[in-house]
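Undergrad: need a structure here:
(chains A and B)
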Amino acid sequence: DAGVTQSPTHLIKTRGQQVTLRCSPKSGHDTVSWYQQALGQGPQFIFQYYEEEERQRGNFPDRFSGHQFPNYSSELNVNALLLGDSALYLCASSPEDFGLDRDTQYFGPGTRLTVL
Amino acid sequence: QQPVQSPQAVILREGEDAVINCSSSKALYSVHWYRQKHGEAPIFLMILLKGGEQKGHDKISASFNEKKQQSSLYLTASQLSYSGTYFCGTELVNRDDKIIFGKGTRLHILP
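TA: Residues are numbered from 1 along each chain as shown, chains lettered A, B, ... in the order given. Have a look, this model is predicted:
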């Protein structure tokens, strides 16, 4: 059973460029959440997708957008990159109501984005 | 609404015990504990639900005090493999399925 997968592993971009990160959820999971983790900090919630719609959103500007496909995989897009966007971007998947199932989010290995 | 973790960092010798605390100013439905090693993704340890019992496996356990909106993670007879950064994530009582993480507690175990 494959866990959460993300691509690419590493990415280097320059300021002003746009980037797309990809995530495939764990089998049986239909909800995908994206997090940004700066060095030495905890993961910061960006947004969550369920049934191809953005269901929750954290305190991130509109430059951050996403998409979820019918197979539950997801993309994170960041436009007009800033130096401060350099971070590890984590994708986490979960069943729709993980609280009741006593399940939780499972993280992928992350994409390390460096903005020069 | 970010939970507050304490202490920020702990250094222990192998075999010693540790307690990591997590507190919220909001009413919580669940608390999730993760461990992250350098350069790796966070790994799920356990979840505690509102109204749930204290949980644990092996020498790692946790409790959730609903009245105080606090959770504690207990590491007993620590092993070298316990080193890493521990994060608590909290879900509010409105059950929005959104987990907000604290800044983490760095644990270093010395041989």
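Undergrad: can you list the weak-confidence ranges in the chain?
TA: I'll assume chain A. For chain A, the stretches flagged by pLDDT under 70 are A:1, A:96-103.
Undergrad: meant chain B, my bad for not saying
TA: In the predicted model of chain B, residues B:52-57, B:95-97 satisfy pLDDT under 70.
Undergrad: Kindly recompute the last result at 90.
TA: B:1, B:29-30, B:38-41, B:43-61, B:63, B:65-67, B:91-99 (pLDDT under 90).
Undergrad: need the residues of it near chain A, please.
TA: B:2, B:29-30, B:32, B:34, B:40-44, B:47, B:49, B:87, B:89, B:91, B:95-104 (CB under 8 Å from any CB of the partner chain). Placement of C-beta: from N, CA and C, glycine included.
Undergrad: can you rerun that using 10 Å?
TA: Residues of chain B lying near chain A by CB under 10 Å from any CB of the partner chain: B:2-3, B:5, B:29-30, B:32-34, B:36, B:39-50, B:52, B:55, B:85, B:87-89, B:91, B:95-106.
Undergrad: Which secondary structure state does the residue nearest the centre of chain A sit in?
TA: Nearest to the geometric centre of chain A sits residue A:34, at 2.8 Å (CA atoms, centre = their mean). State at residue A:34, reduced to three classes by DSSP: H, G, I helix; E, B strand; the rest coil: strand.
Undergrad: Name the nearest residue to it, ignoring sequence neighbours.
TA: The shortest distance from residue A:34 to any non-neighbouring residue, by CB to CB, 6 or more residues apart in numbering or on different chains, is to residue A:46 (4.3 Å).
Undergrad: picking up where we left off before, surely the residue nearest to the centre of chain A touches residue A:60?
TA: Yes - with contact defined as CB atoms under 10 Å, residue A:34 reaches residue A:60; the gap is 9.2 Å.
Undergrad: Give me the common contacts of the two.
TA: Counting by CB atoms under 10 Å, 6 or more residues apart in numbering or on different chains, the common neighbours of residue A:34 and residue A:60 are A:44, A:45, A:46, A:47.
Undergrad: looking at the sheet around the last one, what are its partners?
TA: Beta-bridge pairing of residue A:47 under DSSP bridges involves residue A:34, residue A:57.
Undergrad: Neighbours of it, how many?
TA: 20 (other CB atoms under 10 Å in any protein chain shown).
Undergrad: How about the first one?
TA: Counted with other CB under 10 Å, the neighbours of residue A:44 add up to 18.
Undergrad: Assess the claim that it and residue A:37 are in contact.
TA: Yes - Residue A:44 is within contact range of residue A:37, at 6.9 Å (criterion: CB under 10 Å).
Undergrad: Now for these two: what residues contact both?
TA: Residues touching both residue A:44 and residue A:37 (CB under 10 Å, 6+ apart): A:87, A:90, B:101.
Undergrad: show me where the chain has strands.
TA: With no chain named, the answer covers chain A. Along chain A, the segments classed as strands by DSSP state E run A:5-7, A:10-13, A:19-24, A:31-37, A:44-50, A:53-57, A:64-68, A:74-78, A:87-94, A:106-107, A:111-115.
Undergrad: That was the other one, I meant chain B.
TA: B:4-6, B:9-13, B:18-23, B:28-36, B:43-49, B:55-57, B:60-65, B:70-75, B:84-92, B:100-101, B:105-110.
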